[in-house]
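Visitor: pasting the sequence and the predicted coordinates here, then a few questions.
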Amino acid sequence: MAITDSQKIDYLFKKVGYGATKTDVNSNKLAPNEAIPSPALIRGDVIWNQSDEIPSVKPGSTSGVVQIYTGASSVETTADNTATANRTWKTGVTDWIPPQFGSTYLVNVYIHTSGDAANSNSISNRVFVTGSGNNDEWFFDYESGVLNFIGTNLPDGKSFSGKSVYIEGARYVGNKGMGGGTGAYTFTDNRMKTTTTNEEIIIEPAGTGYVAVDATSGLIVPVGTTAQRPTGQAGMLRFSSTNSKLEIYNGGSWENVGSGVTGSSTTRDTFNGDNSTTAFTLSASATTDSVFVSINGTVQLGSDGYSVSGTTLTFTEAPVSGDKIQVQNISSGTTTDVTQLKDADSDTKIQVSESADDDTIRFDAAGTEVVTMTASKTAFATAVQLASLTTTQRNALSAANGMVIYNTTTSKFQGYAGGSWVDFH
């Protein structure tokens with residue numbers, strides 16, 4: 001025996017009106033007494049997540065998320081051959097905007113010569129939703145885009161021979177899915193992916209808001225080899241598996257994060273020679289290669305003239321009384337791959353390997369490169385001024401072969417060679 005219409009209505013009333021499961025006939029259990037919840041399913045993938053952009057009045061032409069069909073663009077439907085002749089007509093497209101967004105979204109229905117959409121929307125061709133009084137109303141399913149002449153009769157006085165039904169209205173063409181404007185993204189479990197190749201994922205806080213990761217664990221940045229580096233954009237951050245370093249793109253090249261000195265930057269120690277002391281205690285640990293040592297303004301040569309181990313600086317010969325010793329220690333903080341030291345506006349700096357591993361040290365002053373040093377030569381782009389000393393000051397030096405000065409007493413350039421000072425001219 002077929003299900004009675006009253007039972008069908010009871011099911012719908014309990015399902016739609018109360019969100020409950022029908023477990024008994026209405027005479028035994030009223031809708032308020034049904035206890036098993038059964039809310040209607042709303043599929044997340046078909047939600048119109050830009051529906052707030054639909055205006056309350058239907059626009060005159062396609063705009064934003066609203067596609068307009070009117071005049072020549074009216075949709076010519078096709079008859080549903082599985083239903084009674086001329087009873088049901090299909091637009092073939094979904095997501096028509098219903099009148100709940102505004103009364104102007106009610107579709108208009110016309111019966112007109114097939115293949116002539118441009119001339120279909122004449123008042124003489126129109127059939128009204130309320131019918132003509134002959135029980136010939138129609139109902140349009142806005143979700144499926146299907147028109148059904150729901151009344152007992154087909155439209156009064158209308159012939160369907162050689163004709164089609166045309167629909168004039170508006171469709172939603174915006175984004176669908178949960179959340180706002182998912183666009184070219186998919187969400188699976190805890191993973192968000194782009195569906196378009198090479199598409200960026202952009203997080204854009206409003207106003208002065210910022211992006212925060214509220215966790216106590218950690219954040220993993222992209223990991224790849226040097227060969228896998230992307231086209232750099234200023235501020236890009238990644239971990240290089242080639243050199244096991246965190247690196248950032250500075251707008252012109254990739255450099256290791258923390259390159260340069262961190263912590264307390266550099267330290268400077270000053271000592272006085274006494275003609276006997278060879279070991280001096282630095283204020284921070286260093287190595288022979290991480291300090292610059294000068295005596296009376298003359299830079300000393302490491303290894304041959306001194307060595308550093310931990311916090312101890314040791315000279316091969318004791319600086320004489322009156323010698324002013326200065327030590328610039330660039331490893332007094334935590335260091336990682338020093339690539340440059342620079343001033344606040346970056347026009348005065350010392351660079352190591354300006355381009356990828358070119359093994360060249362460059363000294364820039366006020367934006368001009370003045371000295372370059374490689375393993376084979378040191379080149380000066382400006383004049384070089386040597387230490388200017390009197391003969392008395394010269395004789396007080398701990399002289400070593402290769403030293404060069406300008407003697408202000410004799411007005412001569414002099415060099416120390418073979419155990420004595422000699423004039424250059």
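Guide: Okay, I see it. Residues are numbered from 1 along each chain as shown.
Visitor: the chain - how does it break down into domains?
Guide: Structural domains assigned to the chain are 5-35, 51-172, 230-258, 267-378, 388-423, following automatic domain parsing.
Visitor: as a markdown table, those domains with mean pLDDT would be great.
Guide: As requested, those are exported to a markdown table (pLDDT from 0 to 100):
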| stretch | mean pLDDT |
| --- | --- |
| domain 5-35 | 91 |
| domain 51-172 | 95 |
| domain 230-258 | 87 |
| domain 267-378 | 83 |
| domain 388-423 | 91 |
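Visitor: which stretches in this protein count as helices?
Guide: Remark: helices of the chain, listed N- to C-terminal, are 5-12, 18, 391-395; assignment by DSSP state H.
Visitor: re the thing from before, closest to Ile201 out of the domains of the chain?
Guide: domain 230-258 (13.5 Å; CB to CB). Every C-beta, even on glycine, is put in place using the N, C-alpha and C of the backbone.
Visitor: highest average neighbour count across the helices of the chain?
Guide: Comparing the helices of the chain by mean neighbour count (mean count of other CB atoms under 10 Å), helix 18 ranks first with a mean of 17.
Visitor: any idea how far that one is from the middle of the chain?
Guide: Counting by CA atoms, centre = their mean, to the nearest Å, helix 18 is centred 46 Å from the centre of its parent chain.
Visitor: which residues are contacting stretch 92-106?
Guide: 48, 51, 54-58, 66, 75, 77-78, 107, 129, 140, 142-145, 167, 169-173 (CB atoms under 8 Å, 6 or more residues apart in numbering).
Visitor: number of nearby residues for Ala31?
Guide: Under the neighbour criterion other CB atoms under 10 Å, Ala31 is assigned a count of 14.
Visitor: now Leu154
Guide: 19.
Visitor: residue contacts, it?
Guide: Residues near Leu154 by CB under 8 Å, 6+ apart: Asn86, Arg87, Asp136, Phe160.
Visitor: could these go into JSON lines alongside neighbour count and distance to Leu389?
Guide: What follows is the contacts of Leu154, written out as JSON lines (neighbours: other CB atoms under 10 Å; distance: CB to CB, whole Å):
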{"residue": "Asn86", "neighbour count": "18", "distance to Leu389": "114"}
{"residue": "Arg87", "neighbour count": "13", "distance to Leu389": "113"}
{"residue": "Asp136", "neighbour count": "20", "distance to Leu389": "117"}
{"residue": "Phe160", "neighbour count": "15", "distance to Leu389": "115"}
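Visitor: dump the domains of the chain to TSV, plus distance to Thr194.
Guide: Formatted as TSV, the entries for the domains of the chain read as follows, by distance: least, CB to CB, whole Å:
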stretch	distance to Thr194
domain 5-35	37
domain 51-172	21
domain 230-258	14
domain 267-378	31
domain 388-423	63
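Visitor: so for Glu200, which of the ones you listed sits nearest?
Guide: When those are ranked by proximity to Glu200, the top entry is domain 230-258, at 9.8 Å, counting by CB to CB.
Visitor: tell me which residues in the closest one are buried?
Guide: With burial defined by 16 or more other CB atoms under 10 Å, the residues of domain 230-258 counted as buried are 232, 236, 238-240, 245, 247-249, 254-256, 258.
Visitor: quick one: which of these is nearest Ser309?
Guide: Gly258 (25.1 Å).
Visitor: narrow the contacts of stretch 92-106 to those that are buried.
Guide: Of all these considered here, the ones buried according to neighbour count by 16+ other CB under 10 Å are 48, 54, 58, 66, 75, 77, 107, 140, 142, 145, 167, 169-173.
Visitor: center of this structure - which residue?
Guide: The centroid of the chain falls nearest to Ile202 when counting by CA atoms, centre = their mean (5.0 Å).
Visitor: how much space between Arg394 and Gly273?
Guide: 15 Å (CB to CB, to the nearest Å).
Visitor: what does Asp24 give?
Guide: Counting by CB to CB, the gap between Asp24 and Gly273 amounts to 107 Å.
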